[in-house]
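[1] need a 3D model of the sequence below.
(one chain, ligands or ions: 2)
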Amino acid sequence: MSLIELKDVYKIYNEGQESQVNALDGVSLAIERGEFVAVIGTSGSGKSTMMNILGCLDIPTRGVYLLDGQPVGEKSQRELSDLRSRRISFIFQGYNLIPSLKVWENVALPMAYQHISLQERKERALAALKAVEIDAKAENKPGQLSGGQQQRVAIARAMATRSPILMADEPTGALDSKTGAQVLALMRQLNAQGTTVILITHDNGIAAQADRTVRVMDGHIVHDSLWDGALVPAEGRAEVRAS
Ligand SMILES: Nc1ncnc2c1ncn2[C@@H]1O[C@H](COP(=O)(O)OP(=O)(O)OP(=O)(O)O)[C@@H](O)[C@H]1O
Ligand SMILES: [Mg+2]
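    Numbering: from 1, shown residues only. Ligands and ions are numbered 1, 2, ... in the order given. Okay, here's the model as predicted:
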């Protein structure tokens, strides 16, 4: 069973109106545990829409999303948020740190939903901050850090949470190339430890560092490096990989 499976998924905004957008237009995709996949495409191609669905932040208009074999569309809001906090960490382009909390408290926050003691939360947060070499700023507020430093805090948060899946939407978009390379190296390290990584980018150079690239255009998958030259029709791929 695949970790993630989209079966003919549509996300349609303003359906039936003149302004209708088929942000995802019949997408089928299977991702196995331990993969490092880059989703690449130009602005407006549907990358963030796909990540929001994969991350259970949004549900498809039509089609089926199976996470660990379970249909996400049949779950309640509460079940979805529970699923997210147990299974998925996010890194967003805008870092999404809480400004009123100290750096270490930000890193420790998702663990609070995993019923981990405060002492262990703090220990794990500090260890993760050390791993990304930002532990000196543990007591600072995020606003006192540079963009690259805040992005490393966001990665530390994902590391400390130890979620099996990491989803990152343009995590290096706002960073200079050196800091971007560091962030990418940290994501590779997490992947080497078993985390399934889904990285969204419009940058071909960054995508080239993933094991697999999936190219999205106008809500369609137009290329998947896994199926380069493969003679398996799209409908049969999930079944072939599962067997
Ligand atoms: N809430 C919404 N309502 C209506 N249309 C939307 C909404 N969100 C996204 N769209 C449209 O869906 C399409 C895909 O958007 P999406 O944000 O997934 O693109 P993207 O590939 O992430 O682009 P970028 O690289 O600029 O972040 C775009 O045409 C966008 O305008
Ligand atoms: Mg986007």
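[2] make it CA atoms for all contacts and neighbour counts henceforth
    Noted.
[3] report all helices and strands that the helix or strand Val222 falls within contacts.
    Assessed by DSSP states H and E, Val222 sits inside strand 220-224. The contact analysis (3 or more C-alpha pairs under 8 Å, 6 or more residues apart in numbering; DSSP states H and E) places strand 220-224 against strand 21-31, strand 212-217.
[4] ok now the shortest one, how far from the chain's centre?
    For strand 212-217, the distance from its own C-alpha centre to the chain's C-alpha centre is 14 Å (C-alpha atoms, centre = their mean, to the nearest Å).
[5] what lines up beside it in the sheet?
    Applying DSSP bridges, strand 212-217 is found paired with strand 36-40 (parallel), strand 220-224 (antiparallel).
[6] what's in contact with the strand holding Val222?
    Leu24, Asp25, Gly26, Val27, Ser28, Arg212, Thr213, Val214, Arg215, Val216 (C-alpha atoms under 8 Å, 6 or more residues apart in numbering).
[7] swap the cut-off to 7 Å and go again
    Applying C-alpha atoms under 7 Å, 6 or more residues apart in numbering, the contact partners of strand 220-224 are Leu24, Asp25, Gly26, Val27, Thr213, Val214, Arg215, Val216.
[8] next one: stretch 12-32
    2-11, 46, 49, 61, 218-221, 238.
[9] may I see the buried residues of that stretch?
    By 16 or more other C-alpha atoms under 10 Å, the buried positions in stretch 12-32 come out as 12, 21-32.
[10] same thing with stretch 209-228?
    Ala210, Arg212, Thr213, Val214, Arg215, Val216, Met217, Asp218, Gly219, His220, Ile221, Asp224.
[11] next up, phi/psi of Phe90, please.
    Dihedral pair for Phe90: phi -120, psi 140, per degrees, to the nearest 10.
[12] over to the one 3 residues further on?
    When read as degrees, to the nearest 10, the backbone of Gln93 gives phi -60, psi -40.
[13] what sits against the most centrally placed residue in the chain?
    Note on the chain: the residue nearest the mean C-alpha position is Met167, at 0.9 Å, using C-alpha atoms, centre = their mean. Under the criterion of C-alpha under 7 Å, 6+ apart, the neighbours of Met167 are Ser89, Phe90, Ile91, Val197, Ile198, Leu199.
[14] quick check: beta-bridge partners of it?
    Here Met167, judged by DSSP bridges, has bridge partners Phe90, Ile198.
[15] now it: how far from Ile91?
    For Met167, the distance to Ile91 equals 6 Å [C-alpha to C-alpha, to the nearest Å].
[16] repeat for Val153
    10 Å.
[17] repeat for Ala181
    From Ala181 to Ile91 the distance is 15 Å (C-alpha to C-alpha).
[18] again with Ile198
    10 Å.
[19] and for those two, which residues touch both?
    Met167, Ala168.
[20] report the inter-axis angle for the helix or strand where Asp8 lies versus strand 220-224.
    Element membership for Asp8, per DSSP H and E: strand 4-13. Following axes from the mean of the first three to the mean of the last three C-alpha atoms, to 10 degrees, one obtains 150 degrees for the angle between strand 4-13 and strand 220-224.
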